[in-house]
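K.L.:
just the structure for this:
(one chain, ligands or ions: 3)
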Amino acid sequence: MIVMKFGGTSVQDAAAIRSVIHIVQNKLSKRPALVVSALAGATNHLLESARLAVAGQKHNAEAILKKLHERHSGLSAELIKPIAEREKVETFLKTTFDKLQSLVDGVSLLGELTDRSLDMFAAQGELLSSTIIASAFREAGVDALWLDIREVMITDDQFTAAAPDTNLLKNHSARLIKPALEKGKLIVTQGFIGNTKDGITTTLGRGGSDYTAALLGAALDANDIEIWTDVDGVLTSDPKMVHEAKRVKIMTFQEASELAYFGAKVLHPATITPAVERNIPVHVFNTKNPVSSGTLITAKHDRTLEGVNNCVIKSIAYKKNITILNIASTRMLLAHGFLYSIFEVFKRLKISVDVISTTEVSVSLTIDFSDKLDEAVHELKRFAQVTVEQERAIVCLVGEQMRYTPGIAARTFNAIRDVNINMISQGASEINLTFVIAQSDVDTVVKRLHDEFFSGPLPSAIFE
Ligand code: ADP
Ligand code: ASP
Ligand code: MG
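P.N.:
Ligands and ions are numbered 1, 2, ... in the order given. Reported below is the predicted structural model:
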């Protein structure tokens, strides 16, 4: 079997969903399970309505929900013609939007918006889209079965970033999904969402549908995990920043996970782990251009390409809204436990640290923009001097070949020699070179480095 995940833009309107149906119809013999996202923009709208409700702007919150209801109804009217089937979908839409209305009432009455409530808002997007899509498949003559993923995706209760229980997922999937697939049914389910063991709705974090697909693929021992999105695959950089970015035909799990972690939105950072554990290849394909062969992400690094010029760097990722903390202790010289004290603060506040560089007397590290920044600084100041630099960006060059190729750092920093670099780090894996700059420099830096590494002739085995 295979898992096929379709992102928000792949299901944004009737035309997109018709393309999805067409793509899937050609793959039915592979027994696909479909994981779908909310319609493009729907998750943002749901979260926006929650925020407006808690800010006392109930009417604006309701206006957003009304528009969203109309958008889903319009879609169902376009895609589902038989009256009885459409009425079923309309009833589901009404029940869902009634629930959202109650949530808006509750949040605005209490003036409080918890992460648990946010997840309840956000989760409705996938429930809505998947219901319409399953029905559209049946309309097209495919025996589609809508599945509430929350029956199998049991998570902890860390709302907005819940961690799944992979053992339970495996057991539940064997019971609830496998038999249906074996009977030739097409499973249509939601990405992004789950349930605590007590049945409270959670989400896996923004962009989490990719992660759902990989988790499900691992649980069902899929032959392939396909991520269908709006670009031809993983590209040499974000095409929204670098228009001439090229398709990377093949890359390793490790390359893909470094890229995702350092900002390449095309994959959720957690996507690769479940695939690695079972060694399941991940394909990234374009719903708008299904004839492209996309990107294949596998365990295999092609050693025959070692020493081949111009395929050292596979891709350049960047991540904005980064904060640097410079932490110095007058007592650090020869003192033990200083690093421990620092990281204990981040652990306690559940802030994850990305790039780190240390000297004997100071530590610099980066965190994503966080509303807990002030608290972290306050805690750190108990035992250290702390300075904060905001509006920074991480740039990360990734490629397996880096570990065999000298001179990459020299080429990189020479190409941007007029740019101030705040921090530099090369991971132990030696497959990435990561540095931190002012956010205002990120465009220039990424474009210049793309030019440096990708403007010459490239090996056609790797790049298109
Ligand atoms: P989906 O809704 O299908 O999950 P996303 O918007 O989350 O799609 O991810 C796809 C987007 O990722 C692309 O439109 C592109 O702008 C962005 N992106 C960033 N870096 C890369 C990269 N290296 N390769 C391809 N796409 C990238
Ligand atoms: N709909 C969710 C989001 O926008 C999950 C996803 O699309 O991957 O974050
Ligand atoms: Mg995504």
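
K.L.:
how about the residue most central in space within the chain: what's its closest non-neighbour residue?
P.N.:
In the chain, the residue lying closest to the centroid (C-alpha atoms, centre = their mean) is residue 268, at 2.4 Å. In space, and not counting its chain neighbours, residue 268 is closest to residue 210: 4.0 Å by C-beta to C-beta, 6 or more residues apart in numbering. Using the backbone N, CA and C atoms, a C-beta is placed for each residue, glycine as well.

K.L.:
what sits against the single nearest residue of the chain relative to ligand 3?
P.N.:
Nearest to ligand 3 in the chain, going by C-beta to the ion, is residue 207, at a distance of 4.2 Å. Contacts for residue 207 were tallied using C-beta atoms under 8 Å, 6 or more residues apart in numbering; they are 265, 268.

K.L.:
start at 162, not 1
P.N.:
In the new count, where the first residue is 162, that last one comes out as residue 368.

K.L.:
quick one, phi/psi of the residue nearest to the centre of the chain?
P.N.:
phi -70, psi 140 (degrees, to the nearest 10).

K.L.:
still on that earlier bit, could you check how far the residue of the chain closest to ligand 3 is from residue 482?
P.N.:
Distance of residue 368 to residue 482, given as C-beta to C-beta, to the nearest Å: 15 Å.

K.L.:
can you name the element that comes right after the biggest helix by length in the chain?
P.N.:
What stands out as the longest helix in the chain, according to DSSP state H, is helix 244-271. The helix or strand immediately downstream of helix 244-271 is helix 276-300, counting by DSSP states H and E.

K.L.:
residue 200 against residue 237, yeah?
P.N.:
No - contact criterion C-beta atoms under 8 Å: residue 200 and residue 237 do not qualify, at 11.5 Å.

K.L.:
out of the two, which sits in the more crowded spot?
P.N.:
The residue with more neighbours, out of residue 200 and residue 237, is residue 200; 26 against 23, by other C-beta atoms under 10 Å.

K.L.:
show me where the stretch 362-511 of the chain has helices.
P.N.:
Remark: helices assigned in the stretch 362-511 of the chain by DSSP state H, counting those that start in this stretch are 370-380, 414-422, 433-439, 499-509.

K.L.:
got the CA coordinates for the third one in PDB?
P.N.:
Presented in PDB, the C-alpha positions along helix 433-439 are these (Å, rounded to 0.1, in the frame of the first residue of the first chain):
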ATOM      1  CA  ILE A 433      11.400  12.000   7.800                       C
ATOM      2  CA  THR A 434      11.800  10.200  11.100                       C
ATOM      3  CA  PRO A 435       9.000   7.600  10.800                       C
ATOM      4  CA  ALA A 436      10.100   6.900   7.200                       C
ATOM      5  CA  VAL A 437      13.700   6.400   8.200                       C
ATOM      6  CA  GLU A 438      12.700   3.900  10.900                       C
ATOM      7  CA  ARG A 439      11.100   1.600   8.400                       C
END
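
K.L.:
now do the same contact list for the residue in the stretch 462-611 of the chain that ligand 1 sits nearest to.
P.N.:
Residue nearest to ligand 1 within the stretch 462-611 of the chain: residue 476 (5.0 Å; C-beta to the nearest ligand atom). Residues near residue 476 by C-beta under 8 Å, 6+ apart: 395, 396, 397, 398, 409, 412, 416, 420, 425, 558, 559, 560.

K.L.:
what's the closest non-adjacent residue to residue 570?
P.N.:
Going by C-beta to C-beta, 6+ apart, residue 570 has residue 594 as its nearest residue, at 6.2 Å.

K.L.:
go ahead and confirm that neighbour touches residue 587.
P.N.:
Yes - under the criterion of C-beta under 8 Å, residue 594 is in contact with residue 587, at a separation of 5.4 Å.

K.L.:
so the two - more neighbours on which side?
P.N.:
When neighbours are counted by other C-beta under 10 Å, residue 594 comes out ahead of the other of residue 594 and residue 587, with 22 against 16.

K.L.:
any idea of the pLDDT on the more buried one?
P.N.:
On the pLDDT scale, residue 594 is placed at 95.

K.L.:
can I assume it sits in a strand?
P.N.:
Yes - secondary structure of residue 594, determined by DSSP: H, G, I helix; E, B strand; the rest coil: located in a strand.

K.L.:
related to what we said a few turns ago, surely the residue nearest to residue 429 touches residue 352?
P.N.:
Yes - Residue 371 lies in contact with residue 352 (C-beta under 8 Å); the separation is 7.3 Å.

K.L.:
residue 249 and residue 295 touch, don't they?
P.N.:
No - the pair residue 249 and residue 295 does not pass the contact test of C-beta under 8 Å, sitting 10.6 Å apart.

K.L.:
more neighbours: which of these two?
P.N.:
The neighbour comparison of residue 249 against residue 295 (other C-beta under 10 Å) goes to residue 295, with 22 against 15.

K.L.:
residue 352 versus that one, what's the distance?
P.N.:
From residue 295 across to residue 352, the span is 14 Å (C-beta to C-beta).

K.L.:
burial measure for residue 562, as a count.
P.N.:
Counted with other C-beta under 10 Å, residue 562 comes out at 23.

K.L.:
that one and residue 237: what is the separation?
P.N.:
For residue 562, the distance to residue 237 - C-beta to C-beta - is 49 Å.

K.L.:
pLDDT wise, what is the residue of the chain closest to ligand 3 at?
P.N.:
Per-residue confidence at residue 368 stands at 97 (pLDDT).

K.L.:
low-confidence ranges in the stretch 362-511 of the chain?
P.N.:
For the stretch 362-511 of the chain, the stretches flagged by pLDDT under 70 are 462-471, 491-496.

K.L.:
what does it put close to ligand 2?
P.N.:
If contacts are counted using C-beta under 6 Å from any ligand atom, the residues of the stretch 362-511 of the chain sitting beside ligand 2 are 367, 368, 369, 370.

K.L.:
narrow those residues to those that are buried.
P.N.:
Among those, those that count as buried by neighbour count (16 or more other C-beta atoms under 10 Å) are 368, 369, 370.

K.L.:
nearest to ligand 1, of the residues you listed?
P.N.:
The shortest approach to ligand 1 among these belongs to residue 368, at 5.3 Å (C-beta to the nearest ligand atom).

K.L.:
can stretch 181-196 be found next to ligand 1?
P.N.:
No - judged by C-beta under 6 Å from any ligand atom, stretch 181-196 stays clear of ligand 1, getting no closer than 10.7 Å.

K.L.:
phi, psi of residue 581?
P.N.:
The main-chain torsion angles of residue 581 are listed as degrees, to the nearest 10 and equal phi -80, psi 130.

K.L.:
tell me the contacts of it?
P.N.:
With contacts defined as C-beta under 8 Å, 6+ apart, the neighbours of residue 581 are 598, 599, 602.

K.L.:
can you do 7 Å?
P.N.:
Contact partners of residue 581, counting by C-beta atoms under 7 Å, 6 or more residues apart in numbering, are 598, 599.

K.L.:
how near is it to residue 533?
P.N.:
27 Å.

K.L.:
and if you look at residue 405?
P.N.:
39 Å.

K.L.:
also residue 325?
P.N.:
24 Å.

K.L.:
look at these two and report which has more neighbours.
P.N.:
Taking other C-beta under 10 Å, residue 325 and residue 533 do not tie; residue 325 has more neighbours (23 against 15).
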